[in-house]
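[1] dropping the sequence and predicted coords here.
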Amino acid sequence: MFDEWSSRRRRRWWFDIFDEFEREFERVEEMMSRIFEREFAKLPSEKQQGPFIYGFSVTVGPDGKPVVREFGNVRPTPKGPMIQEETEPLVDVMDEGNYIKVYAELPGVNKEDIKLHASEDELVISVDTERRKYYKEVKLPARVKPDTAKASYKNGVLEVKLEKLEKGRERGTRIVVE
């Protein structure tokens, strides 16, 4: 009899642990549901139509420090999340010797809709269509020759290749001190 009671008791104890996990998950789910309802109630009604996109990528910079980049159309502000009309695309910048390559995720657009503008230290990517709006100003890790830029767009990914300026090349006009 003791063996039967002991094995039943052990089995019940084992199931009690899972019952407690289930109750805890239900409490967390209920709490998150209340939080989402409360936060979405704060948004203006015309902005409640999605999609809501927010994400970040963490990489290690050349100096060994982590670099966090945010993307999407939700911006954190002191007053709470702010939904923007334009989505900031996920962008990756690669320094490849004599070139800088910039990759941007721009799903759902045609290559004719992509507008690019480059300067020596920045690349601006924009798309403004009825269905999608993207905008991103990308600071480049080195100075480039904007007139040598080449871009391609395939499977929702934009690739821009920019040739670096030679390090010794002077920029601007030399000024003589009198």
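    Ah, there it is. Computed from a predicted structure; not experimentally measured.

[2] name the residue closest to the centre of the chain, please.
    Note on the chain: the residue nearest the mean C-alpha position is Phe71, at 2.7 Å, using CA atoms, centre = their mean.

[3] which other residues reach the helix or strand that contains that residue?
    Using DSSP states H and E, Phe71 falls within strand 66-77. Strand 66-77 has contacts (CB atoms under 8 Å, 6 or more residues apart in numbering) with 51-61, 81-91. (C-beta placed from N, C-alpha, C; glycine too.)

[4] now for Lys133: which residues touch it?
    By CB under 8 Å, 6+ apart, the contact set of Lys133 is 85-87, 127.

[5] in TSV, list those along with secondary structure.
    Putting the contacts of Lys133 into TSV (DSSP: H, G, I helix; E, B strand; the rest coil) gives the following:
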residue	secondary structure
Glu85	strand
Glu86	strand
Thr87	strand
Val127	strand
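
[6] could you flag which of the residues you listed are buried?
    87, 127 (16 or more other CB atoms under 10 Å).

[7] ok, back up a step: let's see which of the contacts of strand 66-77 end up in helices.
    Members of these lying in helices (criterion: DSSP state H): none.
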